[in-house]
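Student: Quick one: sequence and predicted model below, then my questions.
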Amino acid sequence: MGLLDHIPYTRLAPAHRPWPRAAVADEGWQTAIDRLAEGTLTLLGFWGEPAAVHMALLDEAAAEIAVVSYDCGSGSFPSVAVRHPPALRLERAIHDLFGLVPTGAADLRPWLDHHVWERPFPLGSRGARQTAAYAFLPAEGEGLHQVAVGPVHAGTIEPGHFRFTVNGEYVVRLEQWLGYTHKGVESLMRGANLEAAAKLANRTSGDSAVAYAFAFARAAEAALQVEAPPRATHLRALMAELERLANHFGDIGAICNDASFALMHAQTGVLRERTLRAADAAFGHRLMMDLVVPGGVTRDIAPEGIAAIRALFVEVRKVFPRLIELYDNTASLQDRTVTAGTVKAEYARRFGAGGYVGRASGRNFDARRTLAYAPYDGLSFEVPVLQAGDVDARVWIRIREVEQSVALIEQILHRLAPGEIRIALPAGRGECEGMALAEAFRGDVLVWLRLDGEKRVQRCHLRDASWFQWPLLEAAIEDNIIADFPLCNKSFNCAYSGVDL
């Protein structure tokens, strides 16, 4: 029995898709919403275009994906968020970008539009330009007051506004408003050739450059019905695991630093820097940008890069276990991280939270395994899962993933057989679609695209894991003191750029 079997639909022509996509009318759309609301399906993605909206749905038990599409010729579609809150911010973004109105929605406040856009669609039923101040939720009740933080923050952190409602020092509610780094990625994608589009995807969120390039390349290959060479897929995974290592080292230290334990920050900062230098020695770029492309990779690993990676692992095995012991045995640090910022398992499941946020709260999902793609389908690794859901659990998931990434890279280096690293893409196949996921360090990245007959992008949507993690931060900080917000926030380390599109 397939994922779509209980949803009334009209199956669309394959159009070179390796996954089913169906057109649904009101009944089918409502049935899909019902299944999301009851928890039998997970919302994997939700995006729009001028006259249609699309949902990617995941049946986690069967590891099956399908996309349902709703025609919005009238300029509207039945709201998903009114019954399934994880869709809310994506729904608001669709309204901002295309003027499509989610009928029945309780929240139509702008998400990406900060009252400055000249909208390309007519005023009236499809939404007029907003000019009033953004309406944050009111603070009501005796002894409550609001604290505004941002959008400009200290250091190099990206901009985002956080509005706290507090009672004394305790947080009663947090409300976020992002969108300050909106850069029009989906608009820039339209009409771009695959080479230019791959560069744009690569820069969606700089700390996940490899993951975005990996997902985009696989989506394009799915649309064109080609596969990258085996050596290329192993090199892609090698880059992805180096990226994961560098970010996890940085995060572990930064979380400890926000608990005033600077020693861990300094030591893990050294490991992060050495990982980036190993990446540079191996592939000629610290962040490994523009290396993963549709058809393979643009550069093979340098011989000195293999030696640099092995030298890195000697250092990691020497230093990292001592740092883990230091973290685990420092009472003042444990006092700040254990039980702080807890995400309930039900919330993680309902929001489909990926990465360490979901796995620290019992959601056993990792795109590398659940939706196994090459070369991970032939590699051996464990996906660590914990139940506590607090800052400490998110640290430990990162620690265990560091260990798994080291083991994965060693397997990859051992299996890296000679061969070509890139294939020529076939001539245009007419209009075609592709979709793929790649596991970034903070969770699954989804890319959907449609190509025309000249292999130019007609539409492309990129979904960061942070879309379904940011709302959980609002829940996690409730009943914690406001001084613990930096610690909780860093333990999530959600992307601003990744959700501002």
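Tutor: Sure, I can see it. Here the structure is a predicted model, which means the values were calculated and not measured. Residues are numbered from 1 along each chain as shown.
Student: any idea where the strands of the stretch 201-350 of the chain begin and end?
Tutor: 292-293, 296-297 (DSSP state E, counting those that start in this stretch).
Student: okay, these, which one's buried deepest?
Tutor: Among the strands of the stretch 201-350 of the chain, ranked by average contacts under mean count of other C-beta atoms under 10 Å, first place goes to strand 292-293 (a mean of 28). Heads up, the C-betas are built off the backbone N, CA and C, glycines and all.
Student: coming back round to it: nearest to residue 154, out of the strands of the stretch 201-350 of the chain?
Tutor: Closest to residue 154 of those is strand 292-293 (C-beta to C-beta; 33.2 Å).
Student: right, so of the strands of the stretch 201-350 of the chain, which gets closest to residue 89?
Tutor: Between residue 89 and those, the tightest spacing by C-beta to C-beta is seen for strand 292-293, at 27.9 Å.
Student: Give the partner strands of that closest one in its sheet and their orientations.
Tutor: Take DSSP bridges as the rule and strand 292-293 pairs in its sheet with strand 296-297 (antiparallel).
Student: Check the offset of the strand it pairs with from the chain's centre.
Tutor: Taking C-alpha atoms, centre = their mean, to the nearest Å, one finds strand 296-297 lying 22 Å from the centre of the chain it belongs to.
Student: got it, and stretch 72-80?
Tutor: Relative to the mean C-alpha coordinate of its chain, stretch 72-80 is positioned 26 Å out (C-alpha atoms, centre = their mean).
Student: again with stretch 338-358
Tutor: Stretch 338-358 sits 15 Å away from the centroid of its parent chain (C-alpha atoms, centre = their mean).
Student: then it to CSV, C-alphas only?
Tutor: Extracted C-alpha coordinates of stretch 338-358, given in CSV (Å, rounded to 0.1, in the frame of the first residue of the first chain):
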residue,chain,number,x,y,z
VAL,A,338,21.3,19.2,32.0
THR,A,339,17.5,19.7,32.0
ALA,A,340,17.9,23.1,30.3
GLY,A,341,15.9,23.9,27.1
THR,A,342,14.0,20.6,26.9
VAL,A,343,12.2,19.7,23.7
LYS,A,344,9.4,17.2,24.2
ALA,A,345,9.6,14.0,22.1
GLU,A,346,6.0,14.7,20.8
TYR,A,347,7.0,18.1,19.6
ALA,A,348,10.1,16.7,17.8
ARG,A,349,8.0,14.0,16.1
ARG,A,350,5.1,16.4,15.2
PHE,A,351,7.5,19.0,13.6
GLY,A,352,9.6,16.4,11.9
ALA,A,353,12.7,17.9,13.6
GLY,A,354,15.9,16.7,12.0
GLY,A,355,19.5,16.5,13.1
TYR,A,356,20.6,16.7,16.7
VAL,A,357,17.4,18.6,17.7
GLY,A,358,15.2,15.7,16.7
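Student: which of the residues in it are buried?
Tutor: By 16 or more other C-beta atoms under 10 Å, the buried positions in stretch 338-358 come out as 340-343, 345, 347-358.
Student: what are the ranges of the helices in the stretch 301-450 of the chain?
Tutor: Here the stretch 301-450 of the chain has its helices, by DSSP state H, counting those that start in this stretch, at 303-328, 331-337, 345-350, 355-359, 367-370, 391-415.
Student: Could you identify which of the ones you listed is most buried?
Tutor: Mean neighbours per residue, mean count of other C-beta under 10 Å, is largest over the helices of the stretch 301-450 of the chain for helix 355-359, with a mean of 29.
Student: Any chance of CSV for the strands of the stretch 201-350 of the chain, columns mean pLDDT?
Tutor: Below are the strands of the stretch 201-350 of the chain laid out as CSV (pLDDT from 0 to 100):
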stretch, mean pLDDT
strand 292-293, 97
strand 296-297, 98
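Student: Any idea which of the ones you listed gets closest to residue 99?
Tutor: If we rank those by C-beta to C-beta, the stretch that ends up nearest is strand 292-293, at 33.8 Å.
Student: what does that closest one contact?
Tutor: Here strand 292-293 makes contact (C-beta atoms under 8 Å, 6 or more residues apart in numbering) with 194, 195, 198, 202, 210, 213, 214, 217, 236, 239, 422.
Student: Could you do stretch 383-400 as well?
Tutor: Residues from elsewhere that reach stretch 383-400 (C-beta under 8 Å, 6+ apart): 248, 251-252, 255, 324, 327, 334, 336-345, 348, 356-357, 359-364, 366, 368-369, 382, 401, 404, 487-488, 491-492.
Student: follow-up on the earlier one: of the contacts of strand 292-293, just say which sits nearest to residue 20.
Tutor: Nearest to residue 20 out of the contacts of strand 292-293 is residue 217 (C-beta to C-beta; 22.1 Å).
Student: How about the closest one: what's its closest non-neighbour residue?
Tutor: Among residues not flanking residue 217 along the chain, residue 294 sits closest, at 4.7 Å (C-beta to C-beta, 6 or more residues apart in numbering).
Student: I'm done for today, thanks for sticking with me.
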